[in-house]
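Participant: Show me the folded form of this:
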Amino acid sequence: MPVIHEFDPPERFVAGTVGEPGGRTFFLQARSGQRVVSVALEKQQVAVLAERIDELLDEVMASTGNETLIPAVAPVGLDDSEPLEQPIDEQFRAGTMTLSWDPGIARVVIEVFPLTDAADEEEDTEPEEVFLVRIEAGHARAFVKRAALVLDAGRPDCPFCGNPIDPDGHLCVRANGFRRRDPS
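Facilitator: Have a look, this model is predicted:
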């Protein structure tokens with residue numbers, strides 16, 4: 001039986017980072033009272049989770065005719081620009097994530113499972129831990145808004161190849177090997 005780190009609902013659920021752009025570690029973090037759980041994940045996982053939450057809420061709005069109050073954008077007052085809770089103790093590194101809508105309680109349900117070896121997946125073993133968060137629609141929209149800000153706070157993208165530009169520039173594949181610098 002896995003250890004379930006459940007927050008239903010959390011007082012706070014955010015995506016955040018530690019480190020400088022180009023060397024940041026991304027985290028999902030939930031807090032209820034003194035209990036804090038932090039799960040490390042990749043930047044792309046944060047981006048996909050935020051995008052899918054937004055799409056899920058849009059689908060629920062369209063399918064229910066907004067019988068369940070689903071805000072189209074993050075409600076005023078739910079913005080969270082505070083840093084991650086300290087100390088950050090990584091519970092595990094995220095692998096598979098699931099996302100669903102629970103109409104019975106009108107909440108987004110996010111499940112995060114630890115990264116496993118390919119051999120473990122073939123055996124269909126039960127995960128050792130699960131990070132389970134249920135959040136209301138307004139808080140989910142606020143999560144999406146913050147995630148976008150966290151993602152945008154990284155290195156700027158090269159306008160030619162789309163790869164990130166380091167402070168000392170980068171070798172752009174579209175510039176025939178010439179070093180490109182941040183245009184700003």
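Participant: What are the boundaries of the helices in the protein?
Facilitator: 43-64, 118-122, 137-152 (DSSP state H).
Participant: Including distance to S81, could those helices go into JSON lines?
Facilitator: Heads up, the C-betas are built off the backbone N, CA and C, glycines and all. As requested, the helices of the chain are exported to JSON lines (distance: least, CB to CB, whole Å):
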{"stretch": "helix 43-64", "distance to S81": "16"}
{"stretch": "helix 118-122", "distance to S81": "37"}
{"stretch": "helix 137-152", "distance to S81": "7"}
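Participant: need those helices in CSV with distance to P167 and mean pLDDT, can you?
Facilitator: Output for those, formatted as CSV (distance: least, CB to CB, whole Å; pLDDT from 0 to 100):
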stretch, distance to P167, mean pLDDT
helix 43-64, 18, 94
helix 118-122, 37, 56
helix 137-152, 17, 96
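Participant: what number of residues lie near V37?
Facilitator: 24 (other CB atoms under 10 Å).
Participant: how about the nearest residue to it, chain neighbours excluded?
Facilitator: H5 (4.5 Å; CB to CB, 6 or more residues apart in numbering).
Participant: Would you check that my belief about that neighbour contacting P127 is correct?
Facilitator: No. The criterion here is CB atoms under 8 Å, and H5 misses it with P127 at 11.5 Å.
Participant: shared neighbours of the two, anything?
Facilitator: Counting by CB atoms under 8 Å, 6 or more residues apart in numbering, no residue touches both H5 and P127.
Participant: Next one, pLDDT for C172 please.
Facilitator: As predicted, C172 sits at a pLDDT of 78.
Participant: What's the local residue count around it?
Facilitator: 19.
Participant: separation between it and F113?
Facilitator: 37 Å (CB to CB, to the nearest Å).
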